[in-house]
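**Q** using only what follows, build the 3D model:
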Amino acid sequence: MDATAKSPKSGFSRYQIFVIAVLAFLQFTIIIDFMIISPLGAMVMPALHITPQQFAFAVSSYAFSAGISGLLSAGFADRFDRKRLLLFFYAGFTLGTVLCGLAGNYHMLLAARIVTGLFGGVIGSVVMAIATDLFPLEMRGRVMGFIQTAFAASQVLGLPAALYFANHFDWHAPFLAIVALIVPAGLLIMLGMRPVVAHLALKQEKSPFEHLAHTVTEKRYRLPFLLVMLLPTGGYMLMPFGTAYMVNNIGIAFTHLPTIYLVTGLFTVFVGPVVGRISDRFGKFNTFLIGSLLSIVMVVIWTNLGHTPLWGVIVINVLLFIGIFSRIIPSQALISAVPEPTKRGAFNAINASLQQFAGAVSASIAGAVIVEQADGSLLHFNWLGYLVIAVLLVSATLMYFLHKAVPEGTAPMPAAAMSANAE
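**A** You can find the predicted model right below:
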């Protein structure tokens with residue numbers, strides 16, 4: 001290792017900080033594009049004259065297309081510079097977001113979400129591969145914690161701003177505003193990030209199809225593949241109808257939604273790095289288990305609320321997201337330790353594909369369970385909560401076995417980390 005490299009327990013180097021910041025900003029644009037469709041549901045459904053089932057399909061179409069593209073790209077994911085691969089999919093994601101901002105009817109919106117998913121759904125897997133290449137396991141809790149602050153930042157800055165644009169213009173405006181953020185993010189990657197090519201120096205399989213087949217059939221990957229299908233279930237079931245539930249069931253005015261997202265985001269901006277540091281220090285599985293228990297309690301409360309004051313909704317929402325972050329960050333860090341360097345791209349692409357397919361099925365199930373009444377209120381939202389709790393319990397059990405199969409603190413320093421560690 002380079003003499004100037006940082007040890008895993010020391011602070012990040014300047015270049016490492018730059019990489020984390022760029023990846024977090026990129027994730028911010030991806031997440032806000034994905035998340036904004038759900039809060040806009042209360043506006044999109046009446047504007048386009050569509051049913052909750054049609055809206056749920058529009059939400060899940062992103063996931064279905066992302067799942068397909070993830071699977072198709074998996075065989076090629078380790079055969080290119082990860083930086084160039086990232087820029088390619090980010091350009092396609094930009095096109096899809098522009099189309100969302102120009103959609104004039106349901107079918108145009110559906111097509112735009114499919115295009116966005118085809119490209120945007122792969123980006124997360126490339127980000128994970130880059131983070132795994134450049135940082136050892138002992139640092140990944142902190143790295144994932146900082147990258148996941150993009151989710152919180154999308155609530156602090158993105159969702160309130162997007163809802164502001166939607167309230168003062170129409171539901172198209174937030175997508176066009178996102179495009180204005182995508183361009184500088186792409187330039188930062190293009191001009192400032194070094195090529196990520198250390199994996200190319202290792203022995204590669206003969207063909208992309210052979211690479212895909214060997215990754216899919218690898219026995220060690222079966223458990224993490226199953227886990228990544230279960231982990232996003234709660235979000236995909238509850239999020240698409242979150243705003244409609246708050247407005248029509250809990251009695252929160254639509255104009256107060258930005259406040260809820262703002263306060264929740266402010267808390268989770270600080271929670272992400274803290275959870276990452278805790279998971280590196282006290283164990284990723286232990287942190288995941290605590291987050292799962294908190295999530296179960298808050299899902300029961302959240303999905304059974306009646307009319308509740310604004311402050312009460314904010315407190316419940318904050319605690320729910322703390323639970324979610326305490327599951328996402330350590331689980332991502334632990335799962336990242338499973339694949340070897342020459343299969344990280346394919347492994348993460350298949351993970352993303354399975355996750356998106358599972359999320360799409362979850363959103364579709366939610367759309368079939370939910371019934372909209374004449375006054376706009378939703379029936380059976382608590383049924384979704386009980387389904388989510390069942391999945392949380394199963395995923396916690398499976399994570400225990402993964403934790404036993406991948407002891408923490410034993411992973412060697414990746415070869416690619418040498419370039420990232422250098423000052």
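**Q** got the contact list for stretch 237-245?
**A** Residues outside stretch 237-245 that contact it (C-beta atoms under 8 Å, 6 or more residues apart in numbering): 35, 38-42, 45, 52, 55-56, 59, 254, 257, 299, 302-303, 362-363, 365-367, 370, 372, 376, 378, 381, 384-385, 387-388. (Each C-beta comes from the backbone N, C-alpha and C, glycine too.)
**Q** strands of the stretch 251-400 of the chain, start to end?
**A** Secondary structure of the stretch 251-400 of the chain by DSSP state E, counting those that start in this stretch: the strands cover 371-372, 378-379.
**Q** reformat these as TSV; add distance to residue 247.
**A** Formatted as TSV, the strands of the stretch 251-400 of the chain follow (distance: least, C-beta to C-beta, whole Å):
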stretch	distance to residue 247
strand 371-372	12
strand 378-379	10
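**Q** which stretch among those comes nearest residue 19?
**A** strand 378-379 (42.1 Å; C-beta to C-beta).
**Q** give me the below-cutoff pLDDT ranges for the stretch 301-423 of the chain.
**A** For the stretch 301-423 of the chain, applying pLDDT under 70 flags the ranges 407-423.
**Q** one more: the chain?
**A** Within the chain, the segments meeting pLDDT under 70 span 1-10, 151-152, 155-157, 159, 202-206, 407-423.
**Q** helices or strands up against the lengthiest helix in the chain?
**A** The single longest helix within the chain, with elements called by DSSP state H, is helix 106-134. Under the contact criterion of 3 or more C-beta pairs under 8 Å, 6 or more residues apart in numbering; DSSP states H and E, helix 106-134 touches helix 14-36, helix 41-48, helix 52-74, helix 82-102, helix 137-153, helix 344-369, helix 417-421.
**Q** need the ones you listed in TSV (columns: distance to residue 201 and mean neighbour count).
**A** Shown next, in TSV, are the helices and strands packed on helix 106-134 (distance: least, C-beta to C-beta, whole Å; neighbours: other C-beta atoms under 10 Å):
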stretch	distance to residue 201	mean neighbour count
helix 14-36	20	21
helix 41-48	48	18
helix 52-74	21	23
helix 82-102	13	19
helix 137-153	21	25
helix 344-369	14	25
helix 417-421	12	21
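**Q** kindly reformat these as TSV containing distance to residue 277.
**A** As requested, the helices and strands packed on helix 106-134 are exported to TSV (distance: least, C-beta to C-beta, whole Å):
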stretch	distance to residue 277
helix 14-36	14
helix 41-48	35
helix 52-74	30
helix 82-102	26
helix 137-153	6
helix 344-369	23
helix 417-421	19
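**Q** and those helices: which comes nearest residue 400?
**A** Smallest distance to residue 400 across the helices and strands packed on helix 106-134 (C-beta to C-beta): 17.8 Å, for helix 137-153.
**Q** can you point out the buried residues in the helix or strand just after that closest one?
**A** Sequence-wise, the next helix or strand downstream of helix 137-153 (DSSP states H and E) is helix 159-168. The neighbour-count check on helix 159-168 (16 or more other C-beta atoms under 10 Å) flags 159-163, 165-166 as buried.
**Q** out of the helices and strands packed on helix 106-134, flag the one nearest residue 228.
**A** Taking those one by one with C-beta to C-beta, helix 344-369 is closest: 4.7 Å.
**Q** same for that closest one, what does it pack against?
**A** helix 52-74, helix 106-134, helix 208-217, helix 222-230, helix 233-238, helix 381-405.
**Q** number of nearby residues for the closest residue to residue 366 other than its chain neighbours?
**A** Closest residue in space to residue 366, ignoring its immediate chain neighbours: residue 237 at 4.4 Å, by C-beta to C-beta, 6 or more residues apart in numbering. When neighbours are defined as other C-beta atoms under 10 Å, residue 237 has 29 of them.
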